[in-house]
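In: sequence plus predicted model, see below.
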Amino acid sequence: MDPSLKKRLETLQHYLSNLPDILPLPGLGLAKYNFDLFNISAEDIEDYGEVGAVNRQLEISFGSRHDGPVLFTERGPALVQVVEVLNTYLLKDPTSAILQKWVDDLTTSAELSFSMNGISIPSLPRFHAPLVLPKKDQVGEATASTADTRMGSEMGHRPKQGSRQVQKLDSKILGNSHDPDYEDMVETIDSRKSGAKTLPLLLRVSKHCRAKINPSVDRARCIGSKGCHTSWSWPRYRQRILEHASKCGYIDGGLRQDAEDELNKKAIGPPAIVPGSQSRARMVEEEMDVTETITQTTPATSSAITPLVTILAPGPSQNKLKGFQTEGRKVLQDRGDYAVMKFFVCCGIPPSNVDADEFKDMVSALNPTYHPPCSTTLEDKLIVNEAAKIGRAVRVHLQGCRNLTITFDGGKIRKPKSVYTIHVTTADRHAFCMELDDASLLNACHLLNLAIKAICLLPEFEEIISRLRRILAFMSRSGYATEHFDHERLKLGITRGLEAIGDTRFGTIYWAGKSVQRGIPAFQVIVESEALEINIASLNDLFVPGGVRMKFELDLARILAVIGPYAKAIQCLEGGHVTADQVYYYWLGITSQLDTLFQRNEYDLKTSTIEDIRAITNSRFDEMITDAPNDIYITAFFLNPEYRNAPIYKRTNPLAIPPLLIRQKDGIATSSLKLPDDILKRVGLSLQKMLRNEYGDTYENPATKDIARTVMARRNPLLVKTHPKEALTLLKEQLKSYGKGLEPFNRRFRPQESLYSWWEQVQQDEFGGVLGALAMKIFAAVPISMVDERTMSTITWLNSPRRSRQDIATLQDHVKIRQWHRTGPGAKVCHAGFQTINWYAQTTIVRY
């Protein structure tokens, strides 16, 4: 490393180690700048490169530097560790301008902290402790397992000074429960003869300890506190420890499930059961055994608050009457608490509002005998226990399901923290939020949106995009102009208003441009009115009849005609019942419509623009369709009986130029079009790879029939009767029969029948078993992650500026409960609810 750069790092380390005392020193587990556990994900490295991923994580921690230097809000060892992070990655790339700028900017921020507090900047001592730098041959060891490092420390083998590296973890689960910041105490045996004894699980997920910085105070810490930095006051508080343990990513998954089961036992309300679940009866029995509230004995379909009518009959025993009244009040309290919890979570109302006097007055007016829970009970018990009950029900249900699709998406919350949503979708399109973690098939909607962005950057569309942004920006800021615009458009019969160019909606530039296009008559009225004196960003001439307006309308129609097919395809693919064949179907719509547009060229597109659009589209088509893992989209399209004889297989991309084969013989060069691949051969190779994956090792090493059945009973029960040696032969025969439309593949579609249901019936025939099993797997999969996009939208809605202190665990509970009650198992699911839309009929079907 360059000596000057090393000197700059040493200076930064010295400054950060001696920041003014006026800056707060956070307690254990409360540090905002936590660079002890700095980590960059493999996904970020792939998207941004290693230096870009480091830069992104630093911006998440410190915020943007566009508005000036970073202002430190705290001090401490966790902040000083940023020097080690920068040092580690500068050794890999010493010339990185981005990382060197971070060194200089953080040094400036440290100097600013001294000057703002009237403290002179400390100078480096003449003989200061030098920055310990790992050797170059140690840099590659940065990805070594942290578990190995911890194991070495446990056995007394400490790493050499300076060898500690910033590591990328394969798993957050820690190898042991040792935390150097705490001194663990000996657990005392609970010898109480009466009263509630300590739950054994609490001893497994927490430890009695004392912090080394405050050894006089007893505390309880999570066994994964080295990663999660969580501890509690002593003695142990059962609910909070179990709540944390059920979500802590640093402890074993079995302990998380045990904690979730314990929380489930305290949940009120009807049992959480997935309709049609194979485990329904077992779930009901377990719920009845473990539940301690009387409301669990009510029918699962009755969750509303019903009036409690008590008939007082004369009797000799007043104790029985008193007991009956007590149970009646408990039933009312539990039903009311459950309804309040559901109302607050599903409607996105902050739980603290339950303490408002106005809410209490309203409840008292409805039923004076019911007293709503306080916000602490609602947040720490009712919501947490309900989320645990739902999580357990989902886990039990999924254990009996097959052909599941796992999707994920990433985002940020206001804390600031990164968050990943993880969903599992069943073959019948039930989607379950499994986890929000702080941090496949390519998503078709993402790639289509990237294509739109690339097209909008072309020089021919630069002016019209700029004008659209200026018009919409002005209208969003001017309430006066918007009010008059809305008034005039309604008089003209224009029912929909303007749409802003947003950051989260796919294809937003198209829908925004379309809203301006349909509102041009209303714009004309308000700009021509001298009394209103409205000047729309100095662009009024665009709406007054004349040559400028005609050019504006042509430019607007041109860009909408080009990106319209993409936006419409995204709108169609955002449905909940999309299958893999429809991805290729809508790509065909895009390429076919663009091909027609280019041939006619009604909008006078430049030749260079046409070629650029063709290149962008073909690139994204190849990325999504041609180079898809295992050719899944073409295979799914062929396995749709409606398209098995379609002529499109001769030219799978109508927009692409057919490749030429050039040969030379006897000095004479000849050329000819390359013949398309045989579709049966292409699909057959794809299905053969799937079959190999289904059988696993038994396919490579043919075993006896008994061994193969044992293996396939776990891998795919639909193939359990077929020996792997026979499966390939049967697949070839059945694929040929399917292509010719022979029995049983000539079965007609029934009304309201999906492709999955059609293949499910075909698979039950002895002549369609192997192909049917593979086709069911294909059409059970969800090729997009829109369920995750919707969850991220819900998180953005819940995590409003007034609720910016929410943790990811809190959001996870709210999302699970809201999803269960709004769009979960109680909602009706119809396989035929989504029908493939004819491309040229979208004007009447897709809203725009």
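Out: Thanks, I have it.

In: show the contacting residues for residue 765.
Out: Contacts here follow Cβ atoms under 8 Å, 6 or more residues apart in numbering; on that basis residue 765 touches 743-744, 772. The C-beta positions use only the backbone N, C-alpha and C, and glycine is treated the same way.

In: could you point out the helix or strand that follows the helix or strand bottoming out on mean pLDDT in the chain?
Out: For the chain, the helix or strand with the lowest mean confidence is helix 146-154, at a mean of 35 (criterion: mean pLDDT, DSSP states H and E). Remark: after helix 146-154, the chain's next helix or strand is strand 182-184, criterion DSSP states H and E.

In: chain center to that following strand: distance?
Out: Distance of strand 182-184 from the chain centroid (Cα atoms, centre = their mean, to the nearest Å) equals 37 Å.

In: which of the residues in that strand are buried?
Out: By neighbour count with 16 or more other Cβ atoms under 10 Å, strand 182-184 contains the buried residues residue 182.

In: by contact count, what packs against that strand?
Out: The helices and strands touching strand 182-184, judged by 3 or more Cβ pairs under 8 Å, 6 or more residues apart in numbering; DSSP states H and E, are strand 206-211, strand 214-222.

In: if you set the cut-off to 7 Å instead, what comes out?
Out: Helices and strands touching strand 182-184, by 3 or more Cβ pairs under 7 Å, 6 or more residues apart in numbering; DSSP states H and E, are strand 206-211.

In: packing partners of the strand it packs on?
Out: strand 182-184, strand 214-222.

In: run the angle between it and strand 214-222 for me.
Out: 160 degrees (axes from the mean of the first three to the mean of the last three Cα atoms, to 10 degrees).

In: partners of strand 206-211, with directions?
Out: Strand 206-211 has the following sheet partners, assigned by DSSP bridges: strand 182-184 (antiparallel), strand 214-222 (antiparallel).

In: residue 481: which of those strands is closest?
Out: strand 214-222 (55.8 Å; Cβ to Cβ).

In: what are the contacting residues of the closest one?
Out: 179, 182-183, 205-211, 228, 230-234, 236, 241, 244-245, 248 (Cβ atoms under 7 Å, 6 or more residues apart in numbering).

In: recalculate using a threshold of 6 Å.
Out: The contact list for strand 214-222 (Cβ atoms under 6 Å, 6 or more residues apart in numbering) reads 182, 206-207, 209, 228, 230-232, 234, 236, 248.

In: now rank those by neighbours and give me the top one.
Out: Most neighbours among the contacts of strand 214-222, by other Cβ atoms under 10 Å: residue 206, with 25 neighbours.

In: in the stretch 401-550 of the chain, where is pLDDT below threshold?
Out: Within the stretch 401-550 of the chain, the segments meeting pLDDT under 70 span 408-420, 437-444, 503-505.

In: switch the cut-off to 50
Out: 440-441 (pLDDT under 50).

In: circling back to that earlier point, by neighbours, which of the contacts of residue 765 wins?
Out: Among the contacts of residue 765, residue 772 has the most neighbours (other Cβ under 10 Å), with 24 neighbours.

In: low-confidence stretches in this protein?
Out: Filtered on pLDDT under 50, the chain yields the residue ranges 126-129, 132-170, 279-316, 320-321, 440-441, 673, 826, 828-834, 841-848.

In: can you map out the strands along it?
Out: Taking DSSP state E as the test, the strands found in the chain are 182-184, 206-211, 214-222, 231-233, 405-413, 417-425, 431-438, 660-665, 668-673.

In: just checking: what are the partner strands of the fourth one?
Out: In other words, strand 231-233. Under the criterion DSSP bridges, strand 231-233 sits next to strand 214-222 (antiparallel) in its sheet.

In: distance from the strand it pairs with to the middle of the chain?
Out: 36 Å.

In: could I get the full set of helices for the stretch 551-700 of the chain?
Out: Using DSSP state H, counting those that start in this stretch, the helices of the stretch 551-700 of the chain run over 580-600, 607-621, 632-638, 679-695, 697-700.

In: residue 526 contacts residue 535, correct?
Out: No. Taking Cβ atoms under 6 Å as the definition, residue 526 is not a contact partner of residue 535, at 10.5 Å.

In: okay, these two: which has more neighbours?
Out: Shown here are residue 526 and residue 535; by other Cβ under 10 Å, residue 526 has more neighbours (21 against 12).

In: with distance to residue 777 as extra columns, can I get the strands paired with strand 206-211 in JSON lines?
Out: Shown next, in JSON lines, are those (distance: least, Cβ to Cβ, whole Å):
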{"stretch": "strand 182-184", "distance to residue 777": "49"}
{"stretch": "strand 214-222", "distance to residue 777": "40"}
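
In: looking at these, which is closest to residue 20?
Out: Residue 20 sits nearest to strand 214-222 of all the strands paired with strand 206-211, at 23.0 Å, using Cβ to Cβ.
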